[in-house]
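Peer 1: Make a model of this:
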Amino acid sequence: MILSASHHVPRRDVAEIAQSLIGDQEDVRDWVVAKATKCLSVENLQALIIICFRDIGDGEECRAWSLIGALTRMVEYLQLTIESDEADRSSFSRPYTSLHPPHGWTEAEERRRVFWCVFNLDRFCSFTTAWNTSLTSDDVNRRLPCDGITWRKEETVSTPYFGIWDKSAARIGNPIAFLPSHSTTAPATADEGGITPSEATTSPGAAASSVDMSTVGAFAYCIEATESLSRVTSYFLQQKVNTKDHNDLGSWLTRFKELDVRLVHWKMLLPKKWKVNIAQQSSRMDPNLTLAHVTHNASMILLHQPIAFPPLDWTFRTRLPSFCSLDTCQAAAIEIATITNHYLQIAEHTGPLSNQYAFCVYLAARVLLLHWRYHATDSLSSEFWALIQNLETMAKRWAGPHQLGIRENLASKYQAVLVDLHTRCVQDASFNINPSAYTTEVKHSRSVSQHLDAAPRLQGHQAVRHPAQENGGPSFAGNVSANAYYPGATPSLVNAQAGQRSGSVGSGDLGMISQMLLDAEFIDMDRVISFDDGIFGTEHESGCF
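Peer 2: Numbers count the residues shown, from 1 in each chain. Just a heads-up that it's a prediction; the model follows:
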């Protein structure tokens, strides 16, 4: 804890003393890892979790990967993937127990939260690299964490189980309408009165399962949003699809619609108790709840991005609701910018932000750049530069108030990649941004040659876009060749999609699915969480895990 928190101490003299006591930080980090992996304990798990968050935030994600893999096995060995009362279930082969039963509900909740921290790390590693997840439905049968106030008061409560989808059951071609987000093994209670956002089915008119969510807090909703982003990656983006086969393609588009509707329902069914008056509550934004909503919007971006920017070799691209998806991506990115601007203003200036938050900001800025690059009539949104500024602020806060930490970190790397992409677009009219390359553009380790002041400064990059705006001329996107790799720059696509609703879209399943995706009810769904929704503050969490 001292190793990770020393450069965030408000008083500079205390921070310098703490760092001098630590000595060589790399040696101390390696010593902590060596000690924590010698034996299995909850305390060792907590130490490794802190090291992983530190490594990722420092821009050394590759050093965290092996630790995250180890953590996913360690929680299995300690049987933290299941509830403690399930360990006594009858079996012909009883697993070896290396951890004593919890001494009461409070310790059980502590262990539950340790597990969910490992779960979030596993999911973060997956959707930032497009790797498979390690914790699966075969391993996990856990209740969600309760709200923070209840935990601190040590008031015993019961929370719903969180269901992990079975990978084989959720493959493309299999319907996910009946795959729950909360496990069916959750004990039934007589007072179930709430509806969980994650339980919504994929049919807009279907009735959602009734699950009591009154005992969970912002951390639980952050877990749900993180899993939603992971599902978009695992069960849509990573699925192998033969785009020349109409059956395969129809199944892929059906999966797109299913995931889209589930995300919409998650937003619709958020607790009304958190819908506050923004004018009165603008100073209260819970970190976990804010991250949950930003992550939801990032999920919308990743889900709709392949539809918004389809490759030219997709012969069926004119049958896709590309303009609906493009609007969704842009709206989600703009709301991420708005939410982040407000959050950075009120959040503690000496504290770092979540690594997942930086990733969501990166996705938002990148999709705005894609929108500008491939659509000749649009200028680059001002929110792009606001998001660049947000990443710079995040990088500074990660380094600490006295800038004693390493200046080149995850947020600054995201910022540098975005600025580089913008510069290359300006300098090379033939340069194409691959929408799916967000997992490969960022280097996951620090270069030895990087200097402390290597983090890019926003002021120098704003000048790149100012001349055209000051002269009243068009942005560079206006000069993009009509044969850009993605069809946003082709004027013919506008006319092609404008007539889709009235014209025939083809025969067979693919035609019916295309028509369904172009239906006004589907297009007009409320997908994006905006700052004006006001679901950011909660009396239950007060910003604490």
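Peer 1: Isn't R527 up against R262?
Peer 2: No: if you go by Cβ atoms under 8 Å, R527 and R262 don't touch, sitting 11.2 Å apart. (C-beta placed from N, C-alpha, C; glycine too.)
Peer 1: Common neighbours of those two, please.
Peer 2: The overlap between the contact sets of R527 and R262 (Cβ atoms under 8 Å, 6 or more residues apart in numbering) is empty.
Peer 1: Confidence-wise, which helix or strand of this protein is lowest on average?
Peer 2: helix 458-470 (a mean of 40; mean pLDDT, DSSP states H and E).
Peer 1: Isn't I433 up against L368?
Peer 2: No: here I433 does not reach L368: they are 11.3 Å apart, not a contact under Cβ under 8 Å.
Peer 1: So for the two, which residue has more residues nearby?
Peer 2: Ranked by neighbour count (other Cβ atoms under 10 Å), I433 and L368 place L368 first, with 27 against 22.
Peer 1: I'd say that one and A331 touch.
Peer 2: No: L368 lies out of contact with A331 (Cβ under 8 Å); the separation is 10.9 Å.
Peer 1: those helices in the stretch 101-250 of the chain, which residues are they?
Peer 2: For the stretch 101-250 of the chain, applying DSSP state H, counting those that start in this stretch gives helices covering 105-129, 148-153, 218-232, 246-268.
Peer 1: Throw the ones you listed into JSON lines and include distance to E383, mean pLDDT and mean neighbour count, thanks.
Peer 2: Formatted as JSON lines, the helices of the stretch 101-250 of the chain follow (distance: least, Cβ to Cβ, whole Å; pLDDT from 0 to 100; neighbours: other Cβ atoms under 10 Å):
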{"stretch": "helix 105-129", "distance to E383": "22", "mean pLDDT": "97", "mean neighbour count": "21"}
{"stretch": "helix 148-153", "distance to E383": "32", "mean pLDDT": "90", "mean neighbour count": "16"}
{"stretch": "helix 218-232", "distance to E383": "20", "mean pLDDT": "96", "mean neighbour count": "26"}
{"stretch": "helix 246-268", "distance to E383": "20", "mean pLDDT": "91", "mean neighbour count": "20"}
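Peer 1: need the ones you listed in a markdown table with distance to R142, can you?
Peer 2: A markdown table is the format used below for those (distance: least, Cβ to Cβ, whole Å):
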| stretch | distance to R142 |
| --- | --- |
| helix 105-129 | 6 |
| helix 148-153 | 15 |
| helix 218-232 | 10 |
| helix 246-268 | 19 |
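Peer 1: out of these, which comes closest to M285?
Peer 2: helix 218-232 (10.2 Å; Cβ to Cβ).
Peer 1: Can you dump the C-alpha atoms of the closest one in CSV for me?
Peer 2: Taking Å, rounded to 0.1, in the frame of the first residue of the first chain, the C-alpha atoms of helix 218-232 are listed here in CSV:
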residue,chain,number,x,y,z
ALA,A,218,-22.6,1.2,-6.9
PHE,A,219,-19.8,-1.4,-6.9
ALA,A,220,-22.2,-4.1,-7.9
TYR,A,221,-23.5,-2.0,-10.8
CYS,A,222,-19.9,-1.3,-11.9
ILE,A,223,-19.3,-5.1,-11.9
GLU,A,224,-22.4,-5.5,-14.1
ALA,A,225,-21.3,-2.8,-16.5
THR,A,226,-17.8,-4.3,-16.7
GLU,A,227,-19.3,-7.7,-17.6
SER,A,228,-21.5,-6.1,-20.2
LEU,A,229,-18.4,-4.7,-21.9
SER,A,230,-16.8,-8.1,-21.6
ARG,A,231,-19.8,-9.8,-23.2
VAL,A,232,-19.7,-7.4,-26.2
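Peer 1: Quick check: which helices or strands does that helix pack against?
Peer 2: Here helix 218-232 touches helix 105-129, strand 161-162, helix 246-268, helix 287-308, going by 3 or more Cβ pairs under 8 Å, 6 or more residues apart in numbering; DSSP states H and E.
Peer 1: Strands of the chain, start to end?
Peer 2: Along the chain, the stretches classed as strands by DSSP state E are 142-143, 161-162.
Peer 1: how about these in JSON lines, adding mean pLDDT and mean neighbour count?
Peer 2: Below are the strands of the chain laid out as JSON lines (pLDDT from 0 to 100; neighbours: other Cβ atoms under 10 Å):
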{"stretch": "strand 142-143", "mean pLDDT": "96", "mean neighbour count": "24"}
{"stretch": "strand 161-162", "mean pLDDT": "94", "mean neighbour count": "22"}
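Peer 1: would you turn those strands into TSV with distance to K38?
Peer 2: As requested, the strands of the chain are exported to TSV (distance: least, Cβ to Cβ, whole Å):
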stretch	distance to K38
strand 142-143	26
strand 161-162	31
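Peer 1: can you give me the end-to-end distance of stretch 74-92?
Peer 2: One end of stretch 74-92 to the other measures 23 Å (Cα to Cα, to the nearest Å).
Peer 1: what do you get for stretch 349-361?
Peer 2: Across stretch 349-361, first to last residue, Cα to Cα, it's 18 Å.
Peer 1: so where's the stretch 351-500 of the chain shaky on pLDDT?
Peer 2: The model of the stretch 351-500 of the chain has pLDDT under 70 over residues 376-378, 401-406, 447-500.
Peer 1: contacts for stretch 51-68?
Peer 2: Applying Cβ under 8 Å, 6+ apart, the external contacts of stretch 51-68 come out as 3-4, 29, 32-33, 36, 48, 71, 118, 121-122, 124-125, 128-129, 134, 352, 355, 398, 405-406, 408-413, 444-446.
Peer 1: could you flag which of those are buried?
Peer 2: Buried subset of those (neighbour count, 16 or more other Cβ atoms under 10 Å): 3-4, 29, 32-33, 36, 48, 71, 118, 121-122, 124-125, 128-129, 134, 352, 355, 398, 405-406, 408-413, 444, 446.
Peer 1: mind listing which of these are in helices?
Peer 2: Within the buried ones among the contacts of stretch 51-68, residues falling in helices by DSSP state H are 3-4, 29, 32-33, 36, 48, 71, 118, 121-122, 124-125, 128-129, 355, 398, 410-413.
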